[in-house]
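Enquirer: show me how the following folds:
(2 chains)
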There are 2 protein chains.
Amino acid sequence: MVPFGKPRPERADAARNRELLLAAAREMIAENGVENVTMDALAERAGVGKGTVFRRFGTRAGIFRALLDDSEYRFQERVLSGPPPLGPGAPPRERLIAYGRLRTGFLLEHLAVARAAVDYAQPAPGGAVSMTLPHFRMLLAALPVPPPHLDGIALQLTGALEGPLLLSLAMGEDAVPPEPGACHPLADSWQTLVERLLD
Amino acid sequence: MVPFGKPRPERADAARNRELLLAAAREMIAENGVENVTMDALAERAGVGKGTVFRRFGTRAGIFRALLDDSEYRFQERVLSGPPPLGPGAPPRERLIAYGRLRTGFLLEHLAVARAAVDYAQPAPGGAVSMTLPHFRMLLAALPVPPPHLDGIALQLTGALEGPLLLSLAMGEDAVPPEPGACHPLADSWQTLVERLLD
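Expert: Numbering: from 1, shown residues only, chains lettered A, B, ... in the order given. Prediction:
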């Protein structure tokens, strides 16, 4: 749901400022949920001027988009260079299962933030696509016997994984039961889907 | 992408008026694409006042939402009471494959209209959920041996089917190659996915 790739470099003080603001926003969400994060409250909490928050994020939704970008970037780093089976080193089948289980947890954890990041005044709801599709294409092609219709399967597995949460977002309500991440029923059904597809 | 269920009844003349306007809009789209369908041009084509078009659809996006609703309703009628294997009478596995193949065609055919129906001034992009999820839940439960984690699988199959096209919509570009409907590569990969899941 967030652009794939490294954010563009910032000046050191701007980056420090950004970290400070994101950390303050995360604390506020952990304490009282997303509802209480406003431009004013965030400025006060982080001890900066309102103008700084405004220049950095533009709108209240921009705060949550920046949080999502940051979390997505950390998740992508774990996939690209973290320990297996999410990171490199495990067989593609195991990586596919691990990615789906952990991604389910990630998407569920970030559901409230993702919802708050949607800005209906902006042309595209919630940013671009995640790394899920290219990652799946790579893993499927690396299988000892890649499935037929590989591009279509990769696209549909991406939809299977991210679709239910996007649906929840679009409906503005919980289409998906809010149980804990990696043990969520959707993590189990993901594993069943992949095992039956590949075994 | 459109509410499931029958539209609420209308007065006969209002219904006739609506049919007239939708037919005129369809003709205009077939001739010149969605770009040329405006409130003014539609009023002129249908030979009604601009006020009538405005009262009926509210905004230009409203024209395309009404077209989608109407097409979705016809598709649902074919699923609920049309001939098998899309309609009742075929085994659940065959109905699942047929639904996915035909739905892929439906979604692709309606992609331009769906894009034009998105109104960013409205809280929820493009309406509620289709009948796909409850239909899949019903078909999976009717299998001789239903899969484990049935609810999760139904949700993920819905994402697998509708997700790629929603992605295309959200990105405002063609993530999905615009080949003809029922023979589209996504129709073939859907069939592979379902066969491997159920066989």
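Enquirer: CA atoms for contacts and neighbours, from now on please.
Expert: Fine.
Enquirer: where's the most centrally placed residue in chain A, which helix or strand?
Expert: Against the mean C-alpha coordinate of chain A, by Cα atoms, centre = their mean, the closest residue is residue A:72 at 4.5 Å. Assigned by DSSP states H and E, residue A:72 belongs to helix A:60-81.
Enquirer: by mean pLDDT, which helix or strand of chain A comes out lowest?
Expert: Ranking every helix and strand in chain A by mean pLDDT, DSSP states H and E puts helix A:150-171 at the bottom, with a mean of 84.
Enquirer: would you mind identifying the next helix or strand past that one?
Expert: Using DSSP H and E, the first helix or strand after helix A:150-171 is helix A:185-198.
Enquirer: run the chain-centre distance for that following helix.
Expert: 20 Å (Cα atoms, centre = their mean, to the nearest Å).
Enquirer: CA-only coordinates of that helix in CSV, if you can.
Expert: In CSV, the C-alpha atoms belonging to helix A:185-198 read as follows (Å, rounded to 0.1, in the frame of the first residue of the first chain):
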residue,chain,number,x,y,z
PRO,A,185,-7.1,-17.0,10.9
LEU,A,186,-6.0,-15.3,7.7
ALA,A,187,-2.4,-16.3,8.3
ASP,A,188,-3.6,-20.0,8.6
SER,A,189,-5.7,-19.8,5.5
TRP,A,190,-2.8,-18.2,3.6
GLN,A,191,-0.6,-21.1,4.5
THR,A,192,-3.2,-23.6,3.3
LEU,A,193,-3.6,-21.7,0.0
VAL,A,194,0.1,-21.7,-0.7
GLU,A,195,0.7,-25.3,0.4
ARG,A,196,-2.1,-26.5,-1.8
LEU,A,197,-0.9,-24.4,-4.7
LEU,A,198,2.6,-25.6,-4.5
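Enquirer: what packs against that helix?
Expert: With contacts taken as 3 or more Cα pairs under 8 Å, 6 or more residues apart in numbering or on different chains; DSSP states H and E, helix A:185-198 sits against helix A:92-109, helix B:150-171, helix B:185-198.
Enquirer: what comes up buried for that helix?
Expert: For helix A:185-198, burial by neighbour count (16 or more other Cα atoms under 10 Å in any protein chain shown) applies to A:185-197.
Enquirer: same question for stretch A:138-147.
Expert: Buried-residue list, stretch A:138-147, by 16+ other Cα under 10 Å: A:139-141, A:147.
Enquirer: closest to chain B out of those residues?
Expert: Among the buried residues of stretch A:138-147, residue A:147 lies closest to chain B (Cα to the nearest Cα), at 8.6 Å.
Enquirer: I am finished for the moment; much appreciated.
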